[in-house]
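Participant: starting from these lines, generate the structure:
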Amino acid sequence: MHRNGLGNEGFEADVAVVGYGPTGMAMAGLLAQAGHRVLVLERYAGLYNLPRAAIFDDETMRTLDKLGIAEQMAPKLHVQRNYEWVNAAGQLLIDHSFAERGRSGWAEWYMMYQPELEDALDAACRALPNLRISHGATVVDLEQDDSGVVLHVEELHGTRRAISCRYAVACDGGNSAVRRKLAIGEDDYGFSEPWMVCDFRLTREVQLPSARQVGDPAKPVSIISLGPRHHRFSFMLDSAADFELASEPALIWARVADYLHPDDAELIRVATYTFRSLVADRWRDGRIVLAGDAAHQMPPFLGQGMCSGIRDAQNLAFKFDLLLRGRRGAELLDTYQLERGPHVRAVVEKGIELGRLQTVRDPVAAAERDQRLIAARAEGHDTGSMRFPGLHAGLLSSSPAGGRGELSIQADVDDAGRRGRFDEVLGRGFALIVTAEVYGLLSSDGTADALRSAGVVLAGVTQQASHTVPGSVVLDVDGTYGQWFADHGVVAVAVRPDFYVYGSAADAPAASELATELLRDLGADGSGTDSETPHALAVPLRSGASA
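Facilitator: Purely as a prediction, here's the structure:
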């Protein structure tokens, strides 16, 4: 294979990330934070700078916190506590409720203006010295073998160059050029609808629905906050051909007249989108993997499109870290689609279900829908449950104890010096959280030292402040971890860097076995592979450089 450029053994980067939207930004930032050399290839000359996604959840906010931008973003976000679905008469059909603090330690639902998020992610990425961003670089061809990948790139002025890397991640969107070059097909669920999206910048305080789907058979409408200063109205079209006429500003203002007037806001963008429901057949081809919209596209009715891409990045980042450090072999990447695929399909299918409910166009069928859902609410049935599935197979413990594969919790702890969320006080990455008693046992037999040497955060939790030991046994401030242990009948839980539960243990001997199994899966017990040269930053890339 031809090799060109900087880096160890002629590789210009450990991982090339193709595409620089939120998924690509998260992917690049997480890998570079871990110390790996990352090169981003983005076909646009700058940031896309247009709002697409509008919503993200507490799991995503935990990732943004890991990337160092959560507190910076907080004032620019709107915390949403409910998501309502109404009929044409305004009667409530479905009401999703969201907690001010969710399982991941942050509010369960945030509304945002995407350009502000991308600005923050971009700044975080550019601050990393081993991450280089190349704008105006379109991947036009690729090749790979057992040792690496070569991406053939055309720049804005027509120059072509070949870039060699160990691995590549395609985060280049629904029309992914990389996916097409790899001849990867897609499973089409057949749910495809044209919508007109109208974004407004508010010029004064206006009372608007923050998150509402209007199931009017004559004109289905979606109304969504885009953070404190922006709002979105989306209108279903009968066909994409209607957009040219429907997008006339005077007609748009007439559509929103019940909510907004020109004195209230500025119309800043009108676009047409066809909502799709597609999942790629394969998310990995050798040393190239797909992430975000390149791997899956989903209807927007659950607000999970961007969240799903960032979950992909979290799942891949820690596995690439193990791989590039020589602890695990490339077969670890086989767990990526195995773990993420069922989750994505569940979200796509639920989104389609809700989308079909909202977009009933036949008045008789819409009336039947209304009657059914209103009756269900009157009888106390939960029509708004939105719990997403966990992991059922992949890089998980063999322990049968409870909680395996669930999204983990994050609660406040106090180590007698600092009080805050677990990540802030104790650190991020793999973690083994145990009772204070089990912590003492693991410390006495050398297991604690082995875990720390492998980069695992080991923390004991106690309900008694007098029993805390700075940096090791911490106060479980609200009793959240103690309650989780009691609910699952365990004394220990191992959590992966992507926040999912690796496994748990019902008693002290099982906790020791869980620690041993975790060390083995991390390749920290000498059983790892040497298929990759252990990583070293031999030739650091320029901070924030643009090629």
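
Participant: ok, so what distance separates the residue nearest to residue 359 when sequence neighbours are not counted from residue 252?
Facilitator: Nearest non-adjacent residue to residue 359, counting by C-beta to C-beta, 6 or more residues apart in numbering: residue 220, 4.8 Å away. C-beta coordinates here come from the backbone N, C-alpha and C atoms, glycine included. Distance, residue 220 to residue 252, using C-beta to C-beta, to the nearest Å: 16 Å.

Participant: please identify which of the two sits among more neighbours.
Facilitator: Between residue 220 and residue 252, counted using other C-beta atoms under 10 Å, residue 220 has the larger neighbour count: 22 against 19.

Participant: output the below-cut-off pLDDT ranges for this protein.
Facilitator: Applying pLDDT under 70 to the chain flags residues 1-9, 383-386, 525-547.

Participant: would you mind measuring from the most centrally placed residue in it to residue 299?
Facilitator: Centroid-nearest residue in the chain, with C-alpha atoms, centre = their mean: residue 310, separated by 2.4 Å. Distance of residue 310 to residue 299, computed by C-beta to C-beta: 18 Å.

Participant: then residue 512?
Facilitator: 46 Å.

Participant: more neighbours: which of the two?
Facilitator: Neighbour count, other C-beta under 10 Å: between residue 512 and residue 299, residue 299 has more, with 27 against 17.

Participant: ramachandran coordinates for the more buried one?
Facilitator: As for residue 299, its main-chain torsions (degrees, to the nearest 10) stand at phi -60, psi 160.

Participant: who are the neighbours in contact with it?
Facilitator: Contacts for residue 299 (C-beta atoms under 8 Å, 6 or more residues apart in numbering) come out as 191, 193, 275-277, 348, 351-352, 354-355.

Participant: how many other residues sit next to residue 495?
Facilitator: Neighbour tally, residue 495, other C-beta under 10 Å: 25.

Participant: my guess is it contacts residue 433. True?
Facilitator: Yes - Residue 495 sits in contact with residue 433 when judged by C-beta atoms under 8 Å, with a separation of 6.8 Å.

Participant: quick one: whatever helix or strand residue 164 lives in to chain centroid distance?
Facilitator: Taking DSSP states H and E as the definition, one finds residue 164 inside strand 160-170. Distance, stretch centre to chain centre, for strand 160-170: 24 Å (C-alpha atoms, centre = their mean, to the nearest Å).

Participant: counting contacts, what elements does it pack onto?
Facilitator: In terms of contacts (3 or more C-beta pairs under 8 Å, 6 or more residues apart in numbering; DSSP states H and E), strand 160-170 is packed against strand 13-18, strand 38-42, strand 137-144, strand 149-155, helix 177-181, strand 288-290, helix 305-324.

Participant: past the shortest one, which element shows up next along the chain?
Facilitator: Same thing as strand 288-290. Sequence order places strand 296-297 as the next helix or strand after strand 288-290, per DSSP H and E.

Participant: dihedrals phi and psi, the residue of the chain most remote from its centre?
Facilitator: In the chain, the residue that sits farthest from the middle, by C-alpha atoms, centre = their mean, is residue 364; the gap is 39.0 Å. Dihedral angles of residue 364 (phi, psi; degrees, to the nearest 10) stand at phi -70, psi -50.

Participant: the residue nearest to residue 359 against residue 355, yeah?
Facilitator: No - counting by C-beta under 8 Å, residue 220 stays clear of residue 355, with 9.4 Å between them.

Participant: still on that earlier bit, of the contacts of residue 299, which belong to helices?
Facilitator: Judged by DSSP state H, those include 348, 351-352, 354-355 as members of helices.

Participant: ok, residue 457 touching residue 423?
Facilitator: No - Residue 457 is not in contact with residue 423 according to C-beta under 8 Å; the separation is 9.3 Å.

Participant: the more surrounded of the two?
Facilitator: Using other C-beta under 10 Å, the more surrounded residue of residue 457 and residue 423 is residue 423, with 20 against 17.

Participant: backbone phi and psi for the more buried one, please?
Facilitator: phi -60, psi -40.

Participant: tell me the contacts of it?
Facilitator: The contact partners of residue 423, by C-beta under 8 Å, 6+ apart, come to 62, 65-66, 105, 410.
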